[in-house]
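K.L.:
I'll drop the sequence and a predicted model, then ask my questions.
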Amino acid sequence: MCVENTPPPPSRLTRRGVLAGAAALAGTAAALSASAPPAAASPSPGTDGRTGTGTRTRGDLVIDGGTLLDPATGEVTEDAVVVVADGIVRAAGSRARTRVPGNTPVLAAHGRWVLPGLVEAHIHLNTAAEARDAVLSGATTARSGSTNFYQDIAVRELADRAPRLAPRLRAAGIFVTPDLGDTVLADPDLTPLATLRDGVRSREALRRVVEVNLARGADVIKTRVNERAGLPEQDPLAQVYDRDQLSTVVAAAARGGKGVLCHSYSEQGCHDAVLAGVRSLEHGVYVGERTLRAMRRKGTYFTPTLTAIAGLAESSDPVLAERGRTYLPVLERAVLAAHELGVPLAAGTDSSGGEVDPIGREVELMREAGLPALDAIRTATTGAARLLGLRDRVGRLAPGFAGDALLVDGDPLADVTVLKKPVRVVRSGFAL
């Protein structure tokens, strides 16, 4: 077969495939919601933010009496009030300066700290249960690190229809990788790639996978430069794509107006990925100073996924455990060096396989790597929001921003570990 002679997949696949997947996920979500913890208050009646079934998708809420932290400025406001209407923050600040509307459900926050919902920049959400777990752990917004069969695009649709059940999501679709495996079955336009002797390596094949992702509605494109760290039989420092191949992926994504996140470990691989123009470098254990300086110059983000690397050290597999113990201190030094050089950082846990790590754990590890507490918090709020192209929508509790919030027991500026176990989560104006 000749990949270059195959026309781009039709955009009509996007809606058909997405709606089918969303329906399947919504069925699972309905069962989950039946056992979900009750909200602190019922949303007020109205017609705005309703689905075709009459169910509201955005809520009204007043968060009353907590200590409000604005990650953008570092400002702390005691006895604060946050007013959310139709899922959007309308006012936030001290009680004396904030008008509280009547007849609006109230969530008492006295004695607690209030922060914006956290942003998870690298997670794999394959089921409705995982999506729900991510929200309850504090990730009200997320970026997918890819799925095998476009489940993340369906999760994104679920989040729009039932925000209490899933984080607002930037979907990556399927991984642009040499060996697609069973993922060639994710879309009919991918199946011809199964006949390629060397896998997805030619420019035509690389473009084809990107084009199918774009046709299916992906918000970002995920590719790799190195093998995996989580498989003992693979060498994470072995390079699978060169700079030219990565540039092909970046260019194909750019034609659709999308950026690229790149799985990486070796210094040369990281350098090639950055020079190829990726939007963010994922993992990046052995990223060196020359590459970090290039990242600062180009505005490339670093998503180190410290949680995933720390998890390797706890593996029962001796190869993975040794890999984790070796990699974690190297990555911690890279994170601190990136921060000191001014490279933008974003928090991501790389959770997958049914296990959802709290994004607060990544903030904790950023802090342990040497970042000041406020800067560590910013990696999961304002910093990650900029990476996702949502800097004016999430990452703060300010007028015009999404009505997503966390209530935590304790001062996160003194102890960021409180972010791992939020007392309450508010998603789009609904208290969970």
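P.N.:
Done, it's in. Numbering: from 1, shown residues only.
K.L.:
between the two ends of stretch 345-365, what distance do you get?
P.N.:
13 Å (CA to CA, to the nearest Å).
K.L.:
how many other residues sit next to Asn103?
P.N.:
When neighbours are defined as other CB atoms under 10 Å, Asn103 has 6 of them. C-beta here means a position set from N, CA and C on the backbone, and glycine is covered the same way.
K.L.:
and it, how far is that from Gly429?
P.N.:
15 Å (CB to CB, to the nearest Å).
K.L.:
check which helix or strand covers Asp411.
P.N.:
Using DSSP states H and E, Asp411 maps to neither a helix nor a strand.
K.L.:
do you know the pLDDT at it?
P.N.:
Note on Asp411: pLDDT of 98.
K.L.:
now for it, how many residues are close by?
P.N.:
Each residue near Asp411 was counted by other CB under 10 Å, and the total is 14.
K.L.:
isn't it right next to Trp113, touching?
P.N.:
Yes - the criterion here is CB atoms under 8 Å, and Asp411 meets it with Trp113 at 6.1 Å.
K.L.:
overlap in contacts of these two?
P.N.:
67, 418 (CB atoms under 8 Å, 6 or more residues apart in numbering).
K.L.:
so Val176 touches Leu246, yeah?
P.N.:
No - Val176 is not in contact with Leu246 according to CB under 8 Å; the separation is 9.5 Å.
K.L.:
okay, and the common contacts of these two?
P.N.:
Common neighbours of Val176 and Leu246 (CB under 8 Å, 6+ apart) are Thr223.
K.L.:
and those two? Which one has more around it.
P.N.:
Of the pair Val176 and Leu246, Val176 is the one with more neighbours under other CB under 10 Å, namely 31 against 26.
K.L.:
so what's that one bridging to?
P.N.:
Thr223 (DSSP bridges).
K.L.:
hey, where'd the helices end up in the stretch 101-250 of the chain?
P.N.:
128-136, 151-161, 203-215, 243-255 (DSSP state H, counting those that start in this stretch).
K.L.:
now, of these, which is deepest in the fold?
P.N.:
Ranked by mean neighbour count, these are led by helix 151-161 with a mean of 25 (mean count of other CB atoms under 10 Å).
K.L.:
what is that one packed up against?
P.N.:
Packing partners of helix 151-161 (3 or more CB pairs under 8 Å, 6 or more residues apart in numbering; DSSP states H and E): helix 12-34, helix 128-136, strand 168-170.
K.L.:
which residues are contacting the last one?
P.N.:
So that's strand 168-170. Contacts for strand 168-170 (CB under 8 Å, 6+ apart): 125, 140-144, 152, 155-156, 159, 219-220, 388-390, 394, 402, 404.
K.L.:
that one: partners in the sheet, and parallel or antiparallel?
P.N.:
Counting by DSSP bridges, strand 168-170 is paired with strand 139-144 (parallel).
K.L.:
just the buried residues of the strand it pairs with, please?
P.N.:
Residues of strand 139-144 classed as buried by neighbour count (16 or more other CB atoms under 10 Å): 139-144.
K.L.:
ok, so of these, who is nearest Glu340?
P.N.:
Arg143 (24.9 Å; CB to CB).
K.L.:
Val408 versus the closest residue to that closest one other than its chain neighbours, what's the distance?
P.N.:
For Arg143, ignoring the flanking residues on the chain, the nearest one in space by CB to CB, 6 or more residues apart in numbering is Arg170 at 4.3 Å. Plainly put, Arg170 is 25 Å away from Val408 if you go by CB to CB.
K.L.:
looking at those two, which is more packed in?
P.N.:
When neighbours are counted by other CB under 10 Å, Arg170 and Val408 differ, and Val408 comes out ahead with 26 against 23.
K.L.:
where's the closest residue to the more buried one other than its chain neighbours relative to Phe401, distance?
P.N.:
Distances taken as CB to CB, 6+ apart place Val418 nearest to Val408, at 4.3 Å, with adjacent residues excluded. As for Val418, its distance to Phe401 is 22 Å (criterion: CB to CB).
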